[in-house]
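Undergrad: Give me the fold of what follows.
(one chain, ligands or ions: 2)
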Amino acid sequence: MKILVTGGAGFIGSNFIHYLLREHPEDQIINFDLLTYAGNLANLTDIENNANYTFVQGSITDNRLIEQVIKENSCDAIINFAAESHVDRSILYPEIFVKTNVQGTAVLLHAAKKFGLKKYVQVSTDEVYGSLTTSGSFTEETPLAPNSPYAASKASADLLVRAYHQTYGLNVNVVRCSNNYGPFQYPEKLIPLLITNGVDRRKLPLYGDGENIRDWLYVLDHCCALDLVLHRGEKGAVYNVGGHNERTNNEIATLIIAELGLSKQSLKYVNDRLGHDRRYAMDATKIENELGWHPIHDFEISLKETIRWYLKNEKWWRGLK
Ligand code: NAD
Ligand code: TDX
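TA: Ligands and ions are numbered 1, 2, ... in the order given. Below you'll find the model as predicted:
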């Protein structure tokens with residue numbers, strides 16, 4: 001397959017490109033990325049000379065360039081990672097989230113339809129379902145109830161993807177995943193922020209009481225799910241992906257300070273995030289049953305490996321802080 005990977009210079013996209021080149025050396029990848037603050041070609045230096053990989057810089061909102069790239073490369077499929085991805089930034093600057101995440105998705109869908117692509121995969125998030133209280137988990141039938149401008153923009157994009165399947169019969173999938181962690185994650189997100197602040201002996205900020213819960217999944221488990229969906233997903237299907245691994249932010253911070261040899265004094269409770277979702281949890285039964293996916297990375301082992309990766313790769317993140 002010739003696959004257009006949009007947003008492939010970001011955290012999950014760059015991990016996914018490495019994963020695909022390893023698992024499907026016959027696939028050809030065109031990485032299309034604007035290189036915003038979150039896009040970094042340093043994530044891909046080891047593969048820049050791979051004959052099956054090319055990079056094009058541009059915005060998914062640029063319909064002429066997107067169509068030109070699809071046509072020139074005779075693409076078969078699109079997998080869309082490109083997005084503004086940070087909830088805190090969406091609270092400050094919602095407009096760019098609508099432009100990139102909603103309008104950008106509309107451009108990609110239009111092009112996929114125009115050139116008769118065989119598959120369109122939208123990389124979505126558990127945040128489109130809103131917040132849970134203490135029990136239960138999100139299924140694919142849970143109504144969308146996004147709370148942040150980020151989540152609302154991702155939910156809007158999901159609805160456009162659905163419409164292109166219902167109206168035009170486009171072969172789409174939406175994959176809604178929980179919080180990822182692993183190498184190459186921009187140090188604004190909780191885990192790399194806490195690790196890199198800890199290395200610098202700066203305070204580790206926790207919003208509110210630190211008791212908000214996220215379901216954490218190692219990035220390569222997500223990549224494996226996306227690969228299965230891209231190659232075998234049922235036309236029009238939505239798939240939830242999660243780690244069965246719910247942790248409070250306090251628990252995450254406690255593991256990180258223990259690994260870095262810091263004390264509880266390094267934690268700092270700060271003002272809560274506006275509209276802060278209390279808890280997410282995913283029911284991934286559908287993808288487990290239909291495509292045989294299940295997470296294989298143990299959380300505590302992979303978190304320690306991730307911490308060691310940030311300790312070893314200070315050059316990668318130092319300039320980003
Ligand atoms: P990221 O912020 O690390 O990367 C986003 C990438 O998109 C960057 O390379 C950036 O340059 C690129 N980009 C931004 N605007 C663009 C535009 N207009 N045109 C082309 N490229 C553009 O994000 P991430 O954490 O890797 O997330 C990737 C996708 O996965 C997003 O769609 C996000 O909503 C989704 N997601 C993330 C998580 C998570 O825990 N990080 C969980 C579930 C879903
Ligand atoms: O400094 C912080 N202190 C803190 O307590 C930051 C940055 C976060 N937090 C809390 C907020 C959340 O409860 O940690 C939790 C995780 O926060 P983020 O890393 O910002 O992730 P989250 O808001 O859960 O969203 C992430 O997962 C779903 C990704 O950023 C999204 O792109 C993805 O869709």
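Undergrad: dump the residue contacts of the nearest residue to residue 242 once chain neighbours are set aside.
TA: Once flanking residues are discounted, residue 242 sits nearest to residue 282: 2.7 Å by CB to CB, 6 or more residues apart in numbering. In short, each C-beta sits where N, CA and C put it, glycine included. Shown in contact with residue 282 (CB atoms under 8 Å, 6 or more residues apart in numbering): 126, 137, 138, 176, 177, 178, 215, 240, 241, 242, 243.
Undergrad: Those residues: which ones sit near ligand 1?
TA: Restricting those to those near ligand 1 by CB under 6 Å from any ligand atom leaves residue 177.
Undergrad: Of all the contacts of residue 282, the one with the weakest confidence?
TA: Among these, residue 243 carries the lowest pLDDT, at 84.
Undergrad: That one touches residue 217, doesn't it?
TA: Yes: judged on CB atoms under 8 Å, residue 243 makes contact with residue 217 at a distance of 3.6 Å.
Undergrad: Which neighbours do these two have in common?
TA: By CB under 8 Å, 6+ apart, the residues touching both residue 243 and residue 217 are 178, 295.
Undergrad: Quick check: the residue of the stretch 151-300 of the chain nearest ligand 1.
TA: Ranking the residues of the stretch 151-300 of the chain by distance to ligand 1 (CB to the nearest ligand atom) places residue 180 first, at 3.7 Å.
Undergrad: what's across from residue 79 in the sheet?
TA: Assessed by DSSP bridges, residue 79 has beta-bridge partners residue 5, residue 121.
Undergrad: circling back: secondary structure for the contacts of residue 282 - can I get that in CSV?
TA: Formatted as CSV, the contacts of residue 282 follow (DSSP: H, G, I helix; E, B strand; the rest coil):
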residue, secondary structure
126, helix
137, coil
138, strand
176, strand
177, strand
178, coil
215, strand
240, strand
241, strand
242, coil
243, coil
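Undergrad: before we move on, back to that, can you name the residues that contact the residue of the stretch 151-300 of the chain closest to ligand 1?
TA: For residue 180, the contacting residues are 11, 12, 216, 217, 218, 219, 222, by CB under 8 Å, 6+ apart.
Undergrad: hmm, 7 Å instead?
TA: The contact partners of residue 180, by CB atoms under 7 Å, 6 or more residues apart in numbering, come to 12, 217, 219, 222.
Undergrad: Which PyMOL command selects the buried ones in the residues you listed?
TA: Here is the PyMOL selection string for the buried members of the contacts of residue 180, based on 16 or more other CB atoms under 10 Å:
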select buried, resi 12+217+219+222
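Undergrad: Narrow the contacts of residue 180 to those in helices?
TA: Secondary structure from DSSP state H places 12, 219, 222 of the contacts of residue 180 in helices.
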